[in-house]
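Student: fold the following for me, if possible:
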Amino acid sequence: MKIEQIYTGCLAQGAYYIESNGEAAIVDPLRESKPYIEKAAKENAKIKYIFETHFHADFVSGHVDLADKTGAQIVYGPGAKTAFDMIEAKDEQIFELGSIKIKVLHTPGHTMESTTYLVIDEKGLEHAIFSGDTLFIGDVGRPDLAQKGDVTQDDLAGMLFDSLRNKIMPLANHVIVYPAHGAGSACGKNMSKETTDLLGNQKNTNYALRADMTKEEFIKEVTDGLLPPPQYFAQNVAMNKANTIGLDQILEKGKVSLNVETFEAIANHEGAIVLDTRTPQEFAKQHIPNSIFIGIDGSFAPWVGALIPDLQQPIVYVASEGREEEVVTRLSRVGYDNTLGYLEGGIEAWLSAEKETDSVESITSEEFEERFNNGNLNVVDVRKPGEYQAEHVQDAANIPLDYINENMEEWKNDQKYHVHCAGGYRSMIAVSILKSRGFHDVVDIQGGFKAISQTKIPTTDYVCPSTLN
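Tutor: Numbers count the residues shown, from 1 in each chain. Okay, here's the model as predicted:
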């Protein structure tokens, strides 16, 4: 038996390859089918099953395309309804894969159809669970995403409590936990940076698995401090239930080189957003006016999903040479399939055509310190509330990037703003959005709070009362 975790850091997502005696299964695959097909071919195995732990909200699965290309059967848990052919498994149903068995454990709570898959090895011993968003390392799945009708987040949290106590915690301590996500995912609150662990260790360290915890205590702790989910989550769920097209078709449309004139025409007349995916400082130096910066070297897809409301939004993009396919692929992972091509020759071609460019005033932390000491500044921290509360620049305002679109009224055209985040990535995104909305007197602080904390600029902290003992 072989189990391999295929972890994608920018999405904090774990897919899995399981193999036994020439038969393979994929758990929670990403949009692109090619890596899984190539992996199975390399191992001389045939993909028999595609197991989905639930309808994912934070990425679009490639299950339909992978099934079409391999003949594998898609398996969901009880209650799942889709527009494509799949097996709606029953609780405790057994699937055979080579000489091992995979047992279905229906574990509702994160969503109604959430399912954990238990691997039983060749000797008949419980070996591992693929827990999806039911159980993470150090955390459990948020229970607010599948609220519907009379089913509230408290109802779902109660179901999650029962699922954990009745289906997962009775398993042996040596069972390995393979979750769908790690730290950085918006599907939980406080996940560990570790991406796998023994169940026995989680019983001892995971706050949600405390043996003496009542259901009421669990519901309170699991639901406390939940931030609103990113806006694209509901749209991704719908795509995962639908007969969604594969990546090949998306690349055919999106990986197209556009000369300057065509690129400009699409941006001006077809309502396309110009997405600049280079580095923050390359964008600061020169960029196409009104373009939005979201760098490929960061949590690219989740930030696109959080900040561009419509998944059907036409997008043309500026990319570093050789990374065009990567941009389209990563956009497709969160459902942005309407990419129409990239600027051939990049920003250099734009300059050669003598087209207008814009820039961002981006200063070092030392320059910021000098300005700070010389007078009152409007400092805006675009980090998450928890980061801000832990420590922030004295008198700085907190407008999290996640909700910048909903808080545009907070910004005033007659004021100058100095904007920072933790390291310089999110602040450049924020500045690009502000400039595209007509706020041009904005300054980016390079290196973010990490660099600021090395200066003598006064900082303060704030402890949220709900975290006090």
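Student: what sits against Tyr16?
Tutor: Residues near Tyr16 by C-beta atoms under 8 Å, 6 or more residues apart in numbering: Ile3, Glu4, Gln5, Ile6, Ile26, Val27, Asp28, Phe130, Tyr178. In this view, the C-beta of every residue, glycine as well, is placed from N, C-alpha and C.
Student: that should have said Asp162, apologies.
Tutor: So Asp162 contacts Gly109, Lys215 (C-beta under 8 Å, 6+ apart).
Student: so which strand or helix has it?
Tutor: Taking DSSP states H and E as the criterion, Asp162 maps to helix 153-163.
Student: report the buried residues of that helix.
Tutor: By neighbour count on 16 or more other C-beta atoms under 10 Å, the buried set for helix 153-163 is Gln153, Asp154, Leu156, Ala157, Gly158, Met159, Leu160, Phe161, Ser163.
Student: show the backbone phi and psi for the residue located most distally from the centre of the chain.
Tutor: Here the centre of the chain is the reference, and by C-alpha atoms, centre = their mean the most remote residue is Asn374, at 40.3 Å. Backbone torsions of Asn374, given as degrees, to the nearest 10, read phi -90, psi -10.
Student: hang on, the earlier thing: now, which of the buried residues of helix 153-163 sits nearest Asn21?
Tutor: Ser163 (31.3 Å; C-beta to C-beta).
Student: so what's the nearest residue to the closest one once chain neighbours are set aside up against?
Tutor: Among residues not flanking Ser163 along the chain, Thr107 sits closest, at 3.8 Å (C-beta to C-beta, 6 or more residues apart in numbering). Residues near Thr107 by C-beta under 8 Å, 6+ apart: Ser114, Thr115, Thr116, Ser131, Gly132, Thr134, Leu160, Ser163, Leu164, Lys167, Ile168.
Student: Pro289 versus the fourth one, what's the distance?
Tutor: When distance is defined by C-beta to C-beta, to the nearest Å, Ser131 is 47 Å away from Pro289.
Student: these two - which one has more neighbours?
Tutor: Neighbours were counted for Ser131 and for Pro289 using other C-beta atoms under 10 Å; Ser131 has more, 28 against 12.
Student: is it true that the more buried one touches Thr53?
Tutor: Yes. Using C-beta atoms under 8 Å, Ser131 is in contact with Thr53, at 7.3 Å.
Student: list residues touching both of the two?
Tutor: Taking C-beta under 8 Å, 6+ apart as the contact rule, Ser131 and Thr53 both touch Thr116, Ala180.
Student: tally of neighbours for the nearest residue to Gly79 once chain neighbours are set aside?
Tutor: What sits nearest to Gly79 in space, not counting adjacent residues and going by C-beta to C-beta, 6+ apart, is Glu113, at 4.4 Å. Using other C-beta under 10 Å, Glu113 is surrounded by 21 other residues.
Student: what's near enough to touch Glu113?
Tutor: Glu113 touches His54, Phe55, Tyr76, Gly77, Pro78, Gly79, Ala80, counting by C-beta under 8 Å, 6+ apart.
Student: and for Lys384?
Tutor: Applying C-beta under 8 Å, 6+ apart to Lys384 gives the contacts Leu227, Pro400, Asp402.
Student: what's around the second one, how many residues?
Tutor: Each residue near Pro400 was counted by other C-beta under 10 Å, and the total is 20.
Student: these two touch, right, it and Val382?
Tutor: Yes. Counting by C-beta under 8 Å, Pro400 touches Val382, with 6.1 Å between them.
Student: list of residues touching stretch 116-129?
Tutor: Contact with stretch 116-129 is made by 1, 3, 18, 20, 27, 51, 53, 99-105, 107, 130-132, 134-135, 167-168, 171-172, 174-178, 199, as judged by C-beta under 8 Å, 6+ apart.
Student: of the residues you listed, grab the buried ones for PyMOL.
Tutor: Selection of buried members from those for PyMOL, criterion 16+ other C-beta under 10 Å:
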select buried, resi 3+18+20+27+51+53+100+101+102+103+104+105+107+130+131+132+134+135+167+168+171+175+177+178+199
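Student: can you list the buried residues in stretch 285-305?
Tutor: Buried residues in stretch 285-305, counting neighbours by 16+ other C-beta under 10 Å, are found at 287-288, 291-296, 298-305.
Student: show me where the stretch 351-469 of the chain has its strands.
Tutor: With DSSP state E, counting those that start in this stretch as the criterion, the stretch 351-469 of the chain has strands at 361-363, 378-381, 392-393, 397-398, 417-420, 442-445, 459-460.
Student: quick one: mean pLDDT over the third one.
Tutor: Strand 392-393 carries an average pLDDT of 97.
Student: how far off centre is it?
Tutor: 27 Å (C-alpha atoms, centre = their mean, to the nearest Å).
Student: relative to that strand, what are the paired strands and their orientations?
Tutor: strand 459-460 (antiparallel) (DSSP bridges).
Student: now what about the strand it pairs with, what contacts it?
Tutor: Counting by C-beta under 8 Å, 6+ apart, Glu391, His392, Val393, Gln394, Ile452, Ser453 sit against strand 459-460.
Student: likewise stretch 239-253?
Tutor: For stretch 239-253, contacts defined as C-beta under 8 Å, 6+ apart pick out 31-34, 52, 55-56, 60-65, 68-69, 81-84, 311, 325, 328-329, 332, 335, 337-340.
Student: repeat for stretch 78-95
Tutor: With contact meaning C-beta under 8 Å, 6+ apart, stretch 78-95 is reached by 25, 49, 52, 55, 63-64, 67, 73-77, 101-106, 108, 112-113, 115, 241-243.
Student: can you tell me which of these are in helices?
Tutor: Judged by DSSP state H, the subset of the contacts of stretch 78-95 located in helices is His63, Val64, Ala67, Lys241.
Student: contacts only, for the second one.
Tutor: Remark: with contacts taken as C-beta under 8 Å, 6+ apart, Val64 is in contact with Ile74, Phe84, Asn243, Thr244, Gly246.
Student: which PyMOL command selects the buried ones in those?
Tutor: Buried subset of the contacts of Val64, written as a PyMOL selection, criterion 16+ other C-beta under 10 Å:
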select buried, resi 74+244+246
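Student: which single one of the contacts of Val64 is nearest to Gly438?
Tutor: Comparing these against Gly438 with C-beta to C-beta places Thr244 closest, at 36.4 Å.
Student: how near is that closest one to Arg330?
Tutor: Relative to Arg330, and taking C-beta to C-beta, Thr244 is found at 16 Å.
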